[in-house]
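Visitor: only geometry, no sequence info:
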């Protein structure tokens with residue numbers, strides 16, 4: 001499995017992530033070509049090689065071309081400094097080193113951005129990843145401001161930065177063939193940010209909301225180390241958190257932030273490689289999202305329609321539990337297990353395709369046994385057998401149902417005769 005590890009020792013932002021992925025081998029030219037498939041104009045992209053505390057890194061910048069001038073927040077250095085791009089949704093100010101246009105601030109609503117992505121000619125995988133990153137940003141902003149998700153809007157300046165950064169990250173991840181994303185603990189920084197409503201603490205409220213369930217590191221550095229876009233990438237893409245998993249490293253990249261930090265290089269390091277067998281050992285802990293809702297007013301046939309849609313959207317498992325609800329009405333509890341990066345897509349299906357008015361979400365840790373599929377020869381044919389392994393030892397073996405059914409139907413041999421023959425073959429193989 002090809003995996004990406006985000007080493008966020010200096011935080012994470014959208015521009016740092018794009019720079020690091022290009023530094024690790026993603027094509028800058030391809031990113032620019034794919035971005036042209038979006039109806040977003042009035043900006044230019046700049047790629048530079050910079051040095052941060054002795055580390056060479058790729059710096060990614062988005063410049064708005066109309067009446068451009070620099071917003072660099074140096075006037076806030078008494079209590080806070082933006083190290084990266086600084087895009088907050090709704091009505092916050094923007095800055096942090098990008099060059100933005102002056103003048104009117106047309107708003108782009110979240111729903112319009114999603115429609116724009118869906119209507120584009122971008123590859124499907126890029127669309128899915130882009131929406132997975134945008135979703136937690138919009139959901140957290142909506143929760144903080146007490147408004148519907150659909151009404152969250154980005155100023156023109158912030159919208160262009162957000163769209164370009166987020167879609168560029170999705171393009172690079174797809175090009176690099178990343179199947180799973182892992183990350184270190186996420187540092188926050190300290191101090192304050194000056195927004196339209198006054199002085200807010202670091203991390204920004206929406207940033208902190210997105211990082212529920214994520215291991216965090218506090219720092220006394222008076223900087224915003226993790227931005228809202230960076231938090232959206234973490235919330236929308238990362239499967240689990242911890243030290244670097246056992247892997248064969250194939251590429252390393254460094255993406256630069258805007259400013260220098262006194263005690264460390266202001267870079268994001270990405271490590272790409274193939275997950276080794278030892279990292280899949282039994283006992284490894286991973287993080288999954290659990291979504292739940294219950295309803296007592298939905299046609300039973302409809303549940304059969306929803307389940308495969310959830311699995312197609314990336315759910316790891318879906319199960320229905322009969323429950324009694326208020327006034328003793330019989331209902332159904334729907335539980336969905338999904339990787340964190342697929343949770344938003346599953347949530348949308350629950351809200352759109354069922355009668356529920358809300359979805360509960362939480363992050364859980366789970367311990368997984370190693371699994372492998374082996375072929376076992378029986379007198380009736382070859383049967384695939386799933387083996388569960390702990391500490392290098394097979395502790396359980398189960399014949400695959402579809403193989404047993406197929407052989408039983410084609411040979412006329414009773415199902416359990418084929419099943420038991422497969423079990424007998426596994427016992428012989430252990431001797």
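Guide: Yep, that arrived. All values reported here derive from a predicted model rather than from experimental measurement.

Visitor: residue ranges in this structure under the pLDDT threshold?
Guide: Where the chain drops to pLDDT under 70, the residues are 66-107, 154-158, 196-197, 276-285, 429-431.

Visitor: now do the helices in it.
Guide: For the chain, helices defined by DSSP state H occupy the ranges 14-23, 28-35, 110-119, 124-145, 156-175, 205-210, 228-237, 300-312, 343-353, 401-411, 415-430.

Visitor: what comes up buried for the last one?
Guide: For helix 415-430, a neighbour-count test (16 or more other CB atoms under 10 Å) marks 417, 418, 419, 421, 422, 423, 425, 426 as buried. No exception for glycine: its C-beta is placed from N, CA and C like everyone else's.

Visitor: so the residue lying closest to the fourth one once chain neighbours are set aside bridges to which residues?
Guide: Counting by CB to CB, 6 or more residues apart in numbering, residue 421 lies nearest to residue 378, which is 4.0 Å off, once chain neighbours are set aside. With DSSP bridges as the criterion, residue 378 is bridged to residue 381.

Visitor: of all the buried residues of helix 415-430, which two lie farthest apart?
Guide: Of all pairs drawn from these, the one with the longest distance (CB to CB) is 417 and 426, at 15.5 Å.

Visitor: show me what the strand ranked longest in the chain is packed up against.
Guide: If you go by DSSP state E, the chain has its longest strand at strand 284-295. Counting contacts by 3 or more CB pairs under 8 Å, 6 or more residues apart in numbering; DSSP states H and E, strand 284-295 packs against strand 238-241, strand 330-338, helix 343-353, strand 360-368.

Visitor: winner for burial among these?
Guide: strand 238-241 (a mean of 21; mean count of other CB atoms under 10 Å).

Visitor: nearest residue to residue 286 other than its sequence neighbours?
Guide: Using CB to CB, 6+ apart and skipping the chain neighbours, the partner closest in space to residue 286 is residue 240 (4.2 Å).

Visitor: against residue 287, how distant is that neighbour?
Guide: Between residue 240 and residue 287 the computed distance is 4 Å (CB to CB, to the nearest Å).

Visitor: equivalent analysis for residue 56, please.
Guide: According to CB to CB, residue 56 stands 33 Å off from residue 287.

Visitor: more crowded one of these two?
Guide: Neighbours were counted for residue 56 and for residue 287 using other CB atoms under 10 Å; residue 287 has more, 19 against 13.

Visitor: pretty sure that one contacts residue 213?
Guide: Yes - using CB atoms under 8 Å, residue 287 makes contact with residue 213 at a distance of 7.4 Å.

Visitor: what sits against residue 60?
Guide: Taking CB atoms under 8 Å, 6 or more residues apart in numbering, we find residue 60 in contact with 15, 16, 18, 19, 22, 45, 46, 47, 168, 255.

Visitor: circling back to that earlier point, the longest strand of the chain vs helix 228-237, what angle?
Guide: Orientation check (axes from the mean of the first three to the mean of the last three CA atoms, to 10 degrees): strand 284-295 against helix 228-237 gives 90 degrees.

Visitor: list of residues touching strand 284-295?
Guide: 213, 238-242, 245, 316, 323, 325, 331-340, 342-343, 346-347, 350, 354-356, 358-368.

Visitor: from the chain's centre, how far out does it sit?
Guide: Remark: strand 284-295 is offset 15 Å from the chain centroid, using CA atoms, centre = their mean, to the nearest Å.
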